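J.: 3D, please:
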Amino acid sequence: MKNYKSLDAFWMPFTPNRAFKANPRIVSRTEGVFCYTDDGRQILDATAGLWCVNAGHGRKQIAEAIGKQALELDYTSPFNFGHDIGFEFAERLIQYTPDPLNKVFFANSGSEAVESALKIALAYQNARGKANKFKLIGREMAYHGVNFGGISVGGLTPNRKAFGPLLPVDHLPHTLDLENNAFSKGLTEHGLDRADALEELIKFHDASSIAAVIVEPISGAGGVIIPPKGYLQRLREICTKHDILLIFDEVITGWGRLGAPFAAVEFDVVPDMIVSAKGITNGIVPLGAVFVADHIHDTIMENSPEGGVELYHGYTYSASPVACAAGMAALDVYEEEGLLTRASGEIGKYWEEALHSLKDIEQVVDIRNYGLIGAVQFAQPEGSSAPIGGAFQVKCYENGVMIRAMGNIIAFSPPLTIEPEQIDQLVAAIRKTASELF
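T.: Purely as a prediction, here's the structure:
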C-alpha cells in the first residue's frame, strides 16, 4: 500500500536512481518463488531476492520464530553480556562447517563479516608475533561487500574507483576464460594455472608480508564465474606452503546454493575461515558470520592478557536475538525439507540442461552453472558502448521474471525450492526477452 508522496527521499543502493524513479518496479508482497507487483502482477524471483532467500518467501515458521523472540528477548548487549539463543545458534551452525572451523563470530551482513574476517586475520598474525604479515590478496572481478576492507580486496572497478586510497592489497587474476571454457557445465576444464599466479604474487611481495588470501569459491556479483577443476585445492596448497591464511567468502555459495551447506564441503577444500550471511537467515533478518579455525581463535586467546578483551572488534547487533531466532528457524526449514543438498540432485540437473538450452540464441557467448546458480553472457551490442544487461533486466521483469544483471551478463540464483515448471518459465522469459531486444 502506497503511503508516500514521492520516491525522492529514498536514495537507493546500487541502482540508477533517476532511471528507476522514472519507471519504478515496486514489489508489494512475496510468496514462495514469486514476487507480486503493486499492480498485482506475478513475477518469478529468479534471484532469491538478492542471492539470499534460499528457502523461498513467506516462510511462516521463520516469521513466527521472529515474533516470539521479539516478545521474549528482543535485545541485550553482546558486549560483556550473553543470551542462550546466541550460544545455541553458534553451536548448531558449526555442525555444518568442516573441522577445524569451530568458532563463530557474528556480524550483521556479508560486508561486515568480510571486514571481521580480514581483521581477525590481522589480529592472528599480530598475536603470533608476525605483525609484518599485513598485506591481503583478493581477486579480479570479486565482490566482498562494500566496506573499506571489502572493496580493497574486491576486484570490481566501479565499487572501488570513487573511494580514494584503500588497504595494501594485490589481486589474483580472475578465472573467466571464454576462449577455452565457454558453455561449460559445472567446474571448468581449463585454467588451473591461474592458481599458480598466487606463487608469483607471493614471490613479488614475499610471504613474510602477506596475512591472508580471500576468494569466493564461485564469484557471484562478478558474473557467476566458475573455478577450474583443482583450482581451490591449489590455492589451499600454496597458502599452506607459505603460511598464509585462506578465507572463503561464501556469502552467496553457502546454505545449499551449490548442493551442500558450503562450497568448502562441496569441493572438499578447508579454508582457515568461511564468511557467511544472506541464506543464513533465509535473508529475512540481517545477520552475518565468520567461521574461524580453532588455531586462529586459540592463538588470539592465548596471547591476550588474562581477563582482558582479546579482540577489540564487534557490532551492536552481533548475535541479535531476533536474528538468531530467524537463523534457527531457517535451519529447521533447510533440514526438514532437505534444501541444503537439493541442488545436487535432479533439480540441479534439470536447471543445467534448461539453462544450456539457450545456447542457440545468436548473441549468447557463454552459459555457466553449478548447483542452482547460473549465468548467461551476451556479446557486447554492436555500435553501442552500453552493455545489454540493464535493458535485459528491465525487459525481463516486464516478461514476468526478476533477474540480476552485470554488464553483458545476466545471473540467476533462484530459491532452492524452485520446480521444473518454474525453471521452464524462466527460460521462456529469457528467450522472449532476447528476441525482443535483439
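
J.: Every contact and neighbour count from this point should use C-alpha atoms.
T.: OK.

J.: Checking the residue located most distally from the centre of the chain next. Helix, strand or coil?
T.: For the chain, the largest distance from the centre (CA atoms, centre = their mean) belongs to residue 306, which lies 36.8 Å off. Secondary structure assignment for residue 306 (DSSP: H, G, I helix; E, B strand; the rest coil): coil.

J.: That one and residue 296, how far apart?
T.: Relative to residue 296, residue 306 is positioned 17 Å away (CA to CA, to the nearest Å).

J.: Equivalent analysis for residue 324, please.
T.: 24 Å.

J.: Which of these two has more residues huddled nearby?
T.: residue 324 (27 against 22; other CA atoms under 10 Å).

J.: pLDDT wise, what is that one at?
T.: Here, the pLDDT recorded for residue 324 equals 98.

J.: distance of it from residue 334?
T.: From residue 324 over to residue 334 the distance is 15 Å, taken as CA to CA.

J.: Repeat that for residue 122.
T.: Distance, residue 122 to residue 334, using CA to CA: 34 Å.

J.: same check, this time on residue 117
T.: With CA to CA as the criterion, residue 117 and residue 334 are 26 Å apart.

J.: the more surrounded of these two?
T.: Set side by side, residue 117 and residue 334 show more neighbours around residue 117, with 26 against 21, by other CA under 10 Å.

J.: ok so that one is a helix residue?
T.: Yes: if the criterion is three-state DSSP, then residue 117 is within a helix.

J.: Going along the chain, name the strands of the stretch 251-400 of the chain.
T.: Applying DSSP state E, counting those that start in this stretch to the stretch 251-400 of the chain gives strands spanning 273-276, 288-293, 364-370, 373-378.

J.: mind listing what the shortest one pairs with, with the direction of each?
T.: Its sheet considered, strand 273-276 pairs with strand 245-249 (parallel), strand 288-293 (antiparallel) by DSSP bridges.

J.: Ok, which of those comes nearest residue 21?
T.: strand 288-293 (30.6 Å; CA to CA).

J.: same question for that closest one, mean pLDDT?
T.: Rounded mean pLDDT across strand 288-293 is 99.

J.: Please tell me how far the residue farthest from the centre of the chain sits from residue 103.
T.: 20 Å.

J.: can you check residue 212 too?
T.: For residue 212 relative to residue 103 (CA to CA), the value is 18 Å.

J.: So between the two, which is more surrounded?
T.: residue 212 (25 against 22).

J.: what is the rounded mean pLDDT of the helix or strand harbouring the more buried one?
T.: Using DSSP states H and E, residue 212 falls within strand 210-215. For strand 210-215, mean pLDDT is 98.

J.: Show me what the helix or strand following it is packed against.
T.: Downstream of strand 210-215, the first helix or strand assigned by DSSP H and E is helix 231-241. On a contact count with 3 or more CA pairs under 8 Å, 6 or more residues apart in numbering; DSSP states H and E, helix 231-241 meets helix 197-205, strand 245-249.

J.: how about helix 231-241: buried residues?
T.: Neighbour-count burial for helix 231-241 flags 231, 232, 233, 234, 235, 236, 238, 239 (criterion: 16 or more other CA atoms under 10 Å).
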